[in-house]
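Undergrad: Fold the following and give me the result.
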Amino acid sequence: MAKTVKANLKMKLKGGQANASPPVGSTLGQYGVNMMDFINPFNEATKDMMGQNVTVHIAVYEDKTMDFRVVGIPTDDRIRAELGIQKGSGKPNSEKLDKKLTQAQLTKIAEEKAKDMNADDIESIKRMVAGTARSMGVEIAG
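TA: The predicted model follows:
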């Protein structure tokens with residue numbers, strides 16, 4: 001018989017650097033989950049992403065156990081890192097950034113995100129990444 005889910009949580013944490021302080025401690029503590037059952041496996045699973053923001057989805061069950069899934073580095077973080085910018089445009093429809101994302105950069109980001117997306121076709125993933133870039137005020141070259 002399947003376990004009953006008590007809560008579905010989503011947090012952004014630094015890879016390999018989770019600890020018992022907020023947001024982990026306060027979020028998991030309110031559901032009675034032993035936070036060390038999350039912290040140690042999470043840090044081990046994300047040690048190759050040390051210091052990078054990653055999104056983690058946590059399912060907390062009625063018996064105070066939990067499962068988690070690391071989604072990975074957000075698309076906007078990947079775009080900012082690829083272009084070497086701090087933030088996107090505050091008015092993306094009227095004020096574009098002077099840096100453009102090349103087709104090679106777009107393909108690279110799409111291939112990195114492929115395991116996190118719900119699409120198999122790399123062209124579909126490229127369109128999703130391009131949409132995120134446009135919403136940041138970044139134009140696609142070519």
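Undergrad: Tell me which stretches of this structure form strands.
TA: 5-14, 53-61, 66-72, 100-101, 139-140 (DSSP state E).
Undergrad: can I assume Ser89 is in contact with Leu83?
TA: No. Counting by Cβ atoms under 8 Å, Ser89 stays clear of Leu83, with 12.0 Å between them. Every residue, glycine included, has its C-beta placed from N, CA and C.
Undergrad: joint contacts of the two?
TA: 97, 138 (Cβ atoms under 8 Å, 6 or more residues apart in numbering).
Undergrad: then the longest helix along the chain to PDB, C-alphas only?
TA: The longest helix of the chain (DSSP state H) is helix 122-135. What follows is helix 122-135, C-alpha atoms only, in PDB (Å, rounded to 0.1, in the frame of the first residue of the first chain):
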ATOM      1  CA  ILE A 122      16.100  18.900 -27.500                       C
ATOM      2  CA  GLU A 123      14.400  21.400 -29.800                       C
ATOM      3  CA  SER A 124      11.500  21.600 -27.500                       C
ATOM      4  CA  ILE A 125      13.800  22.200 -24.500                       C
ATOM      5  CA  LYS A 126      15.700  24.800 -26.500                       C
ATOM      6  CA  ARG A 127      12.400  26.700 -27.000                       C
ATOM      7  CA  MET A 128      11.600  26.500 -23.200                       C
ATOM      8  CA  VAL A 129      15.100  27.900 -22.400                       C
ATOM      9  CA  ALA A 130      14.700  30.600 -25.100                       C
ATOM     10  CA  GLY A 131      11.400  31.600 -23.500                       C
ATOM     11  CA  THR A 132      13.100  32.000 -20.100                       C
ATOM     12  CA  ALA A 133      15.800  34.000 -21.700                       C
ATOM     13  CA  ARG A 134      13.300  36.300 -23.400                       C
ATOM     14  CA  SER A 135      11.500  36.800 -20.000                       C
END
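Undergrad: elements contacting it?
TA: Under the contact definition 3 or more Cβ pairs under 8 Å, 6 or more residues apart in numbering; DSSP states H and E, helix 122-135 sits against helix 75-83, helix 103-113, strand 139-140.
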